[in-house]
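Asks: sequence-free structure coming up:
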């Protein structure tokens, strides 16, 4: 009888106390998580540049005849960019591709594939018109013009686009391409971000 009486007299923790304990545990846990996260975000902000890259192909000029256009919409001033105009684009003809960097950091095009062929970057002097650089260049190369007024080729070691900057990639073709044919362009940045677009031979957009 005494055993039964003792069992009946045992009481559980009050619901109010249990609630307070749970709240206290949640507050302490939240404080610990906040302290850890605050240190992480602070170090990320001070170290700096975001990894998000946002860029796009805003247009191109793959015209079979006539002077090519730059990213500002104006026509290049040199006849070095007049293509043959006979039954499609030919090897050693030139096309221009307009790229716009919409991110808050510099991007560098490290790989360019056009029609499955890898093109190599051709560094300029920064004071030489793009025509003087590309005209004697071998096929399978590309250069960069960021200043459409001077048409100078970029002297950077890579095809660099500053934040918010637009530019024209000028490619010297490696093979003949019939007018109307779709050709894939694939750009890859130094951070590994890939952009794929399609150009139509003989046409101009943007």
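Replies: Nice, I can see it. Everything quoted here is computed from the prediction, not taken from an experiment.
Asks: Give me the below-cutoff pLDDT ranges for the chain.
Replies: When the per-residue scores of the chain are filtered using pLDDT under 70, the ranges that remain are 1-13, 35-51, 78-86.
Asks: so who does the nearest residue in space to residue 117 that is not next to it in sequence touch?
Replies: Nearest residue to residue 117 in three dimensions, chain neighbours excluded: residue 174, at 5.2 Å (CB to CB, 6 or more residues apart in numbering). C-betas here are computed from N, CA, C, even on glycine. Each residue near residue 174 by CB atoms under 8 Å, 6 or more residues apart in numbering is listed here: 91, 115, 117, 119, 139-140.
Asks: just the buried members of the residues you listed?
Replies: Burial by neighbour count, 16 or more other CB atoms under 10 Å: within the contacts of residue 174 this picks out 115, 119, 139-140.
Asks: Those residues in strands, which ones?
Replies: residue 119 (DSSP state E).
Asks: Switch the buried ones among the contacts of residue 174 over to TSV; also include distance to residue 188.
Replies: What follows is these, written out as TSV (distance: CB to CB, whole Å):
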residue	distance to residue 188
115	16
119	12
139	21
140	17
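Asks: So which residue is dead centre in the chain?
Replies: The centroid of the chain falls nearest to residue 55 when counting by CA atoms, centre = their mean (4.1 Å).
Asks: ok, that residue to residue 103 distance?
Replies: Separation of residue 55 from residue 103 (CB to CB, to the nearest Å): 6 Å.
Asks: how's the chain carved up into domains?
Replies: Using automatic domain parsing, the domain parsing of the chain gives 2-47, 55-205.
Asks: For this structure, which segments are assigned as helices?
Replies: 2-9, 15-47, 130-134 (DSSP state H).
Asks: Now do the contacts for residue 150.
Replies: Residue 150 makes contact with residue 129, according to CB under 8 Å, 6+ apart.
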